[in-house]
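# Any chance you could fold what I've pasted below:
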Amino acid sequence: MVHDHGHDHTHGANKKVLLISFLIITIYMIVEAVGGVLTNSLALLADAGHMLSDSISLAVALIAFKLGEKVTSKSKTFGYKRFEILAAVLNGITLIIIALYIFYEAIKRFANPPEVATTGMLIVSSIGLAVNIFVAWIMMRGSDVEENLNMRGAYLHVISDMLGSIGAIAAALLMMLFGWGWADPLASVVVAILVLRSGYFVSKSGLHVLMEGTPQNVNITEVIGTIERENGIQSMHDLHVWSITSGLNALSCHAVVDDEVTIAESEQLLRNIEHNLGHINIHHVTIQLETSAHLHDDSLLCQMKPESSGHHHHHH
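The predicted structure follows:
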């Protein structure tokens, strides 16, 4: 299959980009946190908190790629591909906690704005902005930020981090020019809202995958049409489409074929269907073919009813 080779290539590129981004961001996060403490700026600390979440998400994405490469085993037939999704959910929850903490601190500061060393704050936040722009540029150039949930998560973090740095720069300038002490907690609240937002969306999309939800990039009607258009297929039922991890969608269903279809024809049929589904983002296909004599239920999405012990029907 050609597809796999392409997957491995972007996989390697993703990993290299992640590692470089992780190192740059983690080092700068430490600089920013120290800067925030020394200058007494909550906006810088908020931005450092945001960067911490970045470096966590980058580290997790790296580990996920490493684990995702581990071979499948008898106890884990899909390998460790789901780790990536669990990690995304965990990262989302961490972000939400960081955001709430910043809100809490900011409220205290609005009531009683402390002294902030604005020059230091301006310098640190300006370098922070440059670092973020650089990392975002590396990611855009060298990796797959469209399809891969982890890469996309990491990339969106870096983008919203830029806004955090811009907020801190603006706050430093406002305090230097007009002496507005509230600009610092205000900037930190803006960052906290960004952090909260990305935390919410990362958790939500991760949970959708864990709940075996239909992948966002798959149109069920199109899938049904693709299978039913194939010559020799009468109808289909028990259709399930889900994601194993980002960029790896699976499908299983039962398809009813004309009684006169031979084994050789049915194999060709399956190959055609698999090929056509590959074009609409389905990468892993399992189809059980049966003749109309075998039909037990004509509903498309099988009703998962618990069967009473009286009449089991077996699929062969």
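# what residue ranges in this protein score low on pLDDT?
Scanning the chain for pLDDT under 70 picks out 1-11, 68-73, 76-79, 143-150, 293-316.
# now the lengthiest strand in the chain: how far from the chain's centre is it?
Of all segments of type strand in the chain, defined using DSSP state E, the longest is strand 233-245. Remark: strand 233-245 is offset 23 Å from the chain centroid, using CA atoms, centre = their mean, to the nearest Å.
# and it, which strands flank it?
strand 248-257 (antiparallel) (DSSP bridges).
# Next secondary structure after the strand it pairs with?
Under the assignment DSSP states H and E, the closest C-terminal helix or strand after strand 248-257 is helix 263-278.
# Quick check: next helix or strand after that following helix?
Sequence-wise, the next helix or strand downstream of helix 263-278 (DSSP H and E) is strand 284-291.
# Can you tell me how far the residue in the chain sticking out farthest from the centre is from S266?
Centroid-distance maximum for the chain: E260 at 45.4 Å, with CA atoms, centre = their mean. E260 sits 11 Å away from S266, going by CB to CB, to the nearest Å. C-beta here means a position set from N, CA and C on the backbone, and glycine is covered the same way.
# that older thread, the longest strand of the chain to strand 284-291, inter-axis angle?
Compare the direction of strand 233-245 with that of strand 284-291 by axes from the mean of the first three to the mean of the last three CA atoms, to 10 degrees and you get 160 degrees.
# Now find how far off-centre the helix or strand harbouring G35 is within its chain.
For G35, the host element (DSSP H and E) is helix 2-39. Per CA atoms, centre = their mean, the displacement of helix 2-39 from the mean C-alpha position of its chain is 15 Å.
# oh, and call the first residue 802 from now on, that's how I've got it
That works, and once the first residue is 802, the last one we named lands at helix 803-840.
# So which bits of that helix are buried?
Buried positions in helix 803-840, judged by neighbour count with 16 or more other CB atoms under 10 Å: 808, 811-812, 815-816, 818-819, 821-823, 825-827, 829-830, 832-834, 836-837, 840.
# From the contact counts, what lies against the strand or helix carrying I886?
Element membership of I886 [criterion: DSSP H and E] is helix 884-912. Judged by 3 or more CB pairs under 8 Å, 6 or more residues apart in numbering; DSSP states H and E, helix 884-912 is in contact with helix 843-870, helix 950-979, helix 984-1011, strand 1034-1046.
# Sort out which residues of the second one are buried, please.
By 16+ other CB under 10 Å, the buried positions in helix 950-979 come out as 950-976.
# count of residues packed around the residue nearest to L964 when sequence neighbours are not counted?
Closest residue to L964 in three dimensions, ignoring its sequence neighbours and counting by CB to CB, 6 or more residues apart in numbering: L995, at 5.9 Å. Close neighbours of L995, defined as other CB atoms under 10 Å, add up to 24.
# Next, the contact list for L995, please.
L995 makes contacts with H851, S961, L964, G965, as judged by CB atoms under 8 Å, 6 or more residues apart in numbering.
# Please report how far I908 lies from I994.
On the measure of CB to CB, I908 and I994 end up 14 Å apart.
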